[in-house]
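Asker: predicted model and sequence below, questions to follow.
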Amino acid sequence: MSDIDIKRISYLAKLKLPSEKEEFYSNSLKDIIKWVDNLKKVDTSKTEPLHNVTEKTVSIRNDEVSKSNSVDDVLSNAPERAQNFFKVPKVVE
Amino acid sequence: MKNSISQIKKALIEKKISVGELYDEYLAKAKSGNNNSFNLVIDRENNISSINDSQNRYNNGNPLPLDGIPLGIKDLFCTKGIRTTASSKILSNFIPNYESFVTQQLLNDGSIFIGKNNCDEFAMGSSNETSYFGPVINPWKNKNSQNDNLVPGGSSGGSAAAVAEGSCVASMGTDTGGSIRQPASLCGIVGLKPTFGSCSRWGIVAFASSLDQAGPLTNCVEDAAYVLNSINKHDFNDSTSSNHQREDYLVDINNNFEKKIKIGIPSDYLEDVSDDILNQIDNTKKALSKHGIEFVDVKFKTTEYALSTYYILAPAEASSNLARYDGIRYGVREDGESLDDIYLNSRTKGFGDEVTRRILIGAYVLSAGYYDAYYRQAQKVRRLIKNDFQRILNEVDFILTPTTPNEAFKIGDKLDPISMYKNDIYTVPTSLAGLPGISIPSGLSKNGLPLGVQFIGNYFEEKSLLQLAALAEKELSFNE
């Protein structure tokens, strides 16, 4: 197992770990990854990955228009809104 | 003994109690809040029309299947107009404008919601200690250390404690790796995880989508059948919802089996377990043998890989599912100068330690260079685990295991994550295989705490599973 680059992982997860907690999470991750490492010894060369455990055919519904979620519904929980939009800081300079 | 749904319905039909009086009785207990089992309690005035409608149906002699029954709902189900937090800071202000499929079925059948049950944050935990709203206290006490507060198990810990303390008749929980069965066992009640794909996930705050399944926590097996009848339906809004024909789970529940039943006990599950746990299996075996049920030893080949597989797949799915919490569209937003700062600050301050840890594990096992070695390999091993169960279930009708490796432990006792994760050793394999499992109370430990056993059945065969559990329950029931 290679070393865990906690800065890179937290960047991927869009988290900004406080520096005093980096070691805590880094050690914790190392322990867990070491613990799950036993899967590497399982021979799966002839095994397909399992995505949906019941593997039933997905049922397809008729393509009918239905009404749900008004604009106000969708925006009702927005931390900040402006007219019919979610409001965020300026993105383009 | 607490009253069952059928006993309560009888009292309502015979006018021995009104729907309003029944509601008030449970509400008063829920409001006392001694065990912190509710994140939110719904006042009478907010339920008054449901109470009146329900009473009218009783008065007119046509009550619905769950009419007037006060239920708790894990705070992971979206409830229209009622705050739904997943016990997380990041959702602490979230008010859904739609109802989850499962809770809608319960409302359609006349039940009345007492409130939203506390749970582990985003259902990630086995002790209910990761909740933003604080730990839930198990109503049971260790007779040798009466002053200690014990965990109720998790993640549906508030649901289990609420049913056990009598502040709701039954509660809806969710189970990803044991989150219904393990707390049910530690609180001395019944917990059913149906087959994956039975009950729609639509409107349940997602944790690990290939594992999450809704199910009831109840005082008795018959009550679990009542709730399952209501919630087990096909739903087009969940692409993994199965569209097979459902049965009536109450019919035949108290009948004996017509054919000879064989139950497998995996001996590898029982290595290194305490006498307390072994006794549960022995007692169950003795009780059911009297009814002509045969027990055989079965051997799994994949048990040692189940927890590893789970702790790769569940965090991977969680890290992906929880990417939606960004402080923009709903949930708590933390200030930031740029859009990116808002994302980073909202997520970092909004998630607790355990959720952060699992997001990080997930991001790691899905990242470039590790995806095949961890995530894909775990998905392959998951197939081997499923095949292993199918092989055993070709030999036997059901599998009997302990539900948990130990009794309820002290709040704050288990600090390192891996020892906490090991709590789910008997429930995780069933979840990975997608099979239905039910935990029923089987006896008390030396410390006077409840313990449970788990029965596992074949895919979508909840009917016979409940029949077996009801039979075992009659033999094993104990009084508090």
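Answerer: Now that the structure is in, tell me what you want to look at.
Asker: so what's the residue lying closest to residue B:278 once chain neighbours are set aside up against?
Answerer: Nearest non-adjacent residue to residue B:278, counting by Cβ to Cβ, 6 or more residues apart in numbering or on different chains: residue B:270, 6.5 Å away. Yep, even glycine has a C-beta here, placed from its N, CA and C like the rest. With contact taken as Cβ atoms under 8 Å, 6 or more residues apart in numbering or on different chains, residue B:270 is in contact with B:277-278, B:281, B:402.
Asker: show me which helix runs longest in chain A.
Answerer: helix A:19-36 (DSSP state H).
Asker: give me the below-cutoff pLDDT ranges for chain A.
Answerer: A:1-2, A:56-58 (pLDDT under 70).
Asker: look at the residue lying closest to residue B:317 once chain neighbours are set aside and tell me its secondary structure.
Answerer: Setting aside the residues directly before and after it, residue B:317 is nearest to residue B:208 in space (Cβ to Cβ, 6+ apart), at 3.9 Å. Following DSSP: H, G, I helix; E, B strand; the rest coil, residue B:208 is assigned to coil.
Asker: from what I see, residue B:208 and residue B:321 are in contact.
Answerer: Yes. Residue B:208 is within contact range of residue B:321, at 7.3 Å (criterion: Cβ atoms under 8 Å).
Asker: so between those two, which is more surrounded?
Answerer: Counted by other Cβ atoms under 10 Å in any protein chain shown, residue B:208 and residue B:321 do not tie: residue B:208 has more neighbours, with 23 against 18.
Asker: what sits against that one?
Answerer: B:176, B:313-315, B:317-318, B:321.
Asker: so how far is chain A from residue B:354?
Answerer: Residue B:354 sits 10 Å away from chain A, going by Cβ to the nearest Cβ, to the nearest Å.
Asker: quick one, what contacts that residue?
Answerer: Counted by Cβ under 8 Å, 6+ apart, residue B:354 has contacts B:120-121, B:124-125, B:130, B:417.
Asker: quick check: phi and psi on the nearest residue to it once chain neighbours are set aside?
Answerer: Excluding its sequence neighbours, the residue lying closest to residue B:354 (Cβ to Cβ, 6+ apart) is residue B:130, at 4.3 Å. Main-chain dihedrals, residue B:130, degrees, to the nearest 10: phi -90, psi 0.
Asker: what about residue B:130, neighbour count?
Answerer: Neighbours around residue B:130, by other Cβ under 10 Å: 26.
Asker: confirm for me that it is in contact with residue B:119.
Answerer: No. Using Cβ under 8 Å, residue B:130 is not in contact with residue B:119; the gap is 9.0 Å.
Asker: who touches both of these two?
Answerer: B:87, B:154.
Asker: now the residue nearest to residue B:278: how far from residue B:300?
Answerer: 12 Å (Cβ to Cβ, to the nearest Å).
Asker: and stretch B:390-405, average pLDDT?
Answerer: What stretch B:390-405 shows for mean pLDDT is 98.
Asker: hmm, that stretch in reach of chain A?
Answerer: No. Stretch B:390-405 lies apart from chain A when judged by Cβ under 8 Å from any Cβ of the partner chain; the minimum separation is 11.2 Å.
Asker: returning to that earlier point: ok, now which ones touch the residue nearest to residue B:354?
Answerer: With the criterion set at Cβ under 8 Å, 6+ apart, residue B:130 makes contact with B:87, B:120-121, B:124, B:154, B:352-355.
Asker: just the buried residues of the residues you listed.
Answerer: For the contacts of residue B:130, a burial check counting by 16 or more other Cβ atoms under 10 Å in any protein chain shown picks out B:87, B:120-121, B:124, B:154, B:352, B:354-355.
Asker: what would those residues look like in JSON lines with pLDDT and secondary structure?
Answerer: Listed next are the buried ones among the contacts of residue B:130 as JSON lines, based on pLDDT from 0 to 100; DSSP: H, G, I helix; E, B strand; the rest coil:
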{"residue": "B:87", "pLDDT": "98", "secondary structure": "coil"}
{"residue": "B:120", "pLDDT": "98", "secondary structure": "coil"}
{"residue": "B:121", "pLDDT": "98", "secondary structure": "helix"}
{"residue": "B:124", "pLDDT": "98", "secondary structure": "coil"}
{"residue": "B:154", "pLDDT": "95", "secondary structure": "coil"}
{"residue": "B:352", "pLDDT": "97", "secondary structure": "coil"}
{"residue": "B:354", "pLDDT": "97", "secondary structure": "helix"}
{"residue": "B:355", "pLDDT": "98", "secondary structure": "helix"}
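Asker: mind putting those residues into TSV with distance to residue A:67?
Answerer: Below are the buried ones among the contacts of residue B:130 laid out as TSV (distance: Cβ to Cβ, whole Å):
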residue	distance to residue A:67
B:87	32
B:120	36
B:121	34
B:124	35
B:154	38
B:352	37
B:354	39
B:355	35
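Asker: tell me how far stretch B:140-147 lies from the chain's centre.
Answerer: 25 Å (Cα atoms, centre = their mean, to the nearest Å).
Asker: kindly report the same for stretch B:248-256.
Answerer: Taking the mean of its C-alpha atoms, stretch B:248-256 sits 22 Å from the chain's own mean (Cα atoms, centre = their mean).
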